[in-house]
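Undergrad: below are the sequence and a predicted model for it; my questions follow.
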Amino acid sequence: MIIDILTLFPESFSYLDSSILKRAKESGILEINLIDIRQFSKDKHKKCDDYPFGGGAGMLMSVQPVYDAIKSVIKDNTTLIMPSPSGETFDVNLASELAQKEHLVFICGHYEGIDQRIVDIFNPLEISIGDYVLTGGELPAMVMVDCISRFIKGVISEESLKEESFSSDRLEYPQYTRPADFMGYKVPEVLLSGNHAQIEKWRKEMSEKITKEKRPDLLKK
Ligand code: ADE
């Protein structure tokens, strides 16, 4: 999959250069390109924001640089995404759906947002990561890229995806690693038993219990 991220702050995406995503990029499963919107500004000072018509607080990103930045990357197979607090809420189902696409383009707004004509012209998928407002679309884009990438074949093991929280409307069971006894805090006996049927039963029961305690709303789905 190819992911192009259009932003005024490419330097804020260094997280995508570490750990699992770094490996996915190195193995060629994933290509992530950071595109600096400022380089498309036709203003002599490379200005990319301006005051909103009608007045109001803050600055808006101007239509021209964002328009040209989108035009430079968009293709027939592109899914255009604009992180926005007024969009559809991101979740595991949307993430796995987007992971099937060939080319994602994220348009990161900043300040008070982007001139509405970008939405009118390109009709991007507007997606929110929750009911709160951040200073820009960069963190939401990173959250989405991270989560979507996990559903791309080869990025993490299929086993990990199957077992984790939300995969079947249940939260994940607790996990432990060595040592089996840490200052008297012991790993549950069943996990040391080698009895796979018993272990699976225990994990299923724990998932149900934890979901009931922490997220009973998931059980109603
Ligand atoms: N931009 C600012 N806040 C946001 C949010 N909650 N989700 C997506 N994009 C945003």
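TA: Right, received. Where do you want to start? Residues are numbered from 1 along each chain as shown.
Undergrad: state the mean pLDDT of the longest helix anywhere in the chain.
TA: Taking DSSP state H as the criterion, the chain has its longest helix at helix 196-214. Along helix 196-214, the predicted confidence averages to a pLDDT of 97.
Undergrad: give the buried residues for it.
TA: Of all the residues in helix 196-214, those buried under the rule 16 or more other C-beta atoms under 10 Å are 199, 202-203, 206-207, 210-211. Glycine gets a C-beta too; all of them are placed from N, C-alpha and C.
Undergrad: next SSE after it?
TA: The first helix or strand that comes after helix 196-214 along the chain, using DSSP states H and E, is helix 216-219.
Undergrad: just checking, what packs against that following helix?
TA: Packed against helix 216-219, as judged by 3 or more C-beta pairs under 8 Å, 6 or more residues apart in numbering; DSSP states H and E, are the following elements: helix 196-214.
Undergrad: now the helix it packs on, how far from the centre of its chain.
TA: Distance, stretch centre to chain centre, for helix 196-214: 28 Å (C-alpha atoms, centre = their mean, to the nearest Å).
Undergrad: next one: stretch 155-175
TA: On C-alpha atoms, centre = their mean, the centre of stretch 155-175 falls 17 Å from that of its chain.
Undergrad: can I get the CA coordinates of the lowest-mean-pLDDT helix or strand in the chain in PDB?
TA: Within the chain, judged by mean pLDDT, DSSP states H and E, the helix or strand with the poorest mean is helix 158-163; its value is a mean of 84. Coordinates of the C-alpha atoms in helix 158-163 are reproduced here as PDB (Å, rounded to 0.1, in the frame of the first residue of the first chain):
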ATOM      1  CA  GLU A 158      -2.400 -12.900  11.600                       C
ATOM      2  CA  GLU A 159      -2.600 -14.600  15.100                       C
ATOM      3  CA  SER A 160      -2.000 -11.300  16.800                       C
ATOM      4  CA  LEU A 161      -4.900  -9.600  14.900                       C
ATOM      5  CA  LYS A 162      -7.300 -12.500  15.700                       C
ATOM      6  CA  GLU A 163      -6.600 -12.500  19.400                       C
END
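Undergrad: quick one: contacts of it?
TA: Contacts of helix 158-163 from elsewhere in the structure, counted by C-beta atoms under 8 Å, 6 or more residues apart in numbering, are 150-151, 167, 172.
Undergrad: and of the buried residues of helix 196-214, the nearest to Gly55?
TA: Nearest to Gly55 among the buried residues of helix 196-214 is Thr211, at 48.7 Å by C-beta to C-beta.
Undergrad: on that earlier part again, quick check: mean pLDDT across the helix or strand just after the least confident helix or strand of the chain?
TA: Counting by DSSP H and E, the next helix or strand C-terminal to helix 158-163 is strand 181-182. Averaging the model's pLDDT scores along strand 181-182 yields 98.
Undergrad: in its sheet, what does the helix or strand hosting Asn33 sit against?
TA: In this structure, Asn33 sits in strand 31-36 according to DSSP H and E. Taking DSSP bridges as the criterion, strand 31-36 forms sheet pairs with strand 2-7 (parallel).
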